[in-house]
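Enquirer: sequence and predicted structure are below.
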Amino acid sequence: MTQIVMPGHANGAAGVMFGGIMMQWIDVCSGVAAMRLAAGGVVTASIDRLDFIHPVHVGDVVNLSAQVNYASRTSMEVGCRVETEDVRSGTRRYTTKAYLTFVAVDDHGQPREIRPLTLATPDDQRRWDQGAARREERLRAAGKRPHSPA
């Protein structure tokens, strides 16, 4: 997903993009990745981690990419990477990253099962393993017992 930062997306004084706008863009981009795996509707359950690494300014071109890292029976973790692009030089700068959890829902808003995530590369396996560890930590922090994704 590609966006351009307009004056309405930023604070007036410094011309730095509002974090809430970036969060919205991340949620949309990540939601599309989740919908593709779920083959239908999803809802955002949580934003587990959101790191603003470098500021984003008015006029920056923003490239967002999202990938499902881990999937269990009804939920999935999506990682989103955000970079700015200097259109004159083509140089990209890594600015923001986030991990979000989505739950697939049916027409009545109830959780529904999703298909398994295909792991095609060693990077896919690494993301799966790291996503599984983050899921266990989220469940432990919420006082829930982790269980098998099957």
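Expert: Arrived safely, thanks for sending.
Enquirer: in what helix or strand does residue 49 lie?
Expert: strand 42-52 (DSSP states H and E).
Enquirer: what lines up beside that strand in the sheet?
Expert: Sheet pairing of strand 42-52 (DSSP bridges) gives strand 92-104 (antiparallel).
Enquirer: would you mark the buried spots in the partner strand?
Expert: Neighbour counts over strand 92-104 (16 or more other Cβ atoms under 10 Å) mark 95, 96, 97, 98, 99, 100, 101, 102, 103, 104 as buried. (C-beta placed from N, C-alpha, C; glycine too.)
Enquirer: any idea how far residue 71 is from the closest residue to residue 21 other than its chain neighbours?
Expert: Spatial nearest neighbour of residue 21, excluding adjacent residues (Cβ to Cβ, 6 or more residues apart in numbering): residue 9 at 4.8 Å. Counting by Cβ to Cβ, to the nearest Å, the separation of residue 9 from residue 71 is 32 Å.
Enquirer: the two: which is more packed in?
Expert: Between residue 9 and residue 71, counted using other Cβ atoms under 10 Å, the more crowded position is residue 71 (25 against 22).
Enquirer: using CSV, write down the CA coordinates of stretch 83-102.
Expert: The C-alpha coordinates for stretch 83-102 follow below in CSV (Å, rounded to 0.1, in the frame of the first residue of the first chain):
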residue,chain,number,x,y,z
GLU,A,83,9.3,2.7,4.8
THR,A,84,9.4,6.2,3.3
GLU,A,85,10.7,6.7,-0.2
ASP,A,86,12.6,9.7,-1.6
VAL,A,87,11.1,9.8,-5.1
ARG,A,88,14.0,11.7,-6.5
SER,A,89,16.7,9.2,-5.5
GLY,A,90,14.6,6.1,-4.9
THR,A,91,16.2,5.8,-1.4
ARG,A,92,14.0,4.1,1.2
ARG,A,93,14.1,4.5,4.9
TYR,A,94,12.7,2.0,7.4
THR,A,95,10.4,4.1,9.7
THR,A,96,7.8,2.0,11.5
LYS,A,97,7.0,-1.6,12.3
ALA,A,98,4.0,-3.2,13.9
TYR,A,99,2.5,-6.6,14.9
LEU,A,100,-1.3,-6.9,14.9
THR,A,101,-3.6,-9.8,15.7
PHE,A,102,-6.7,-10.3,13.7
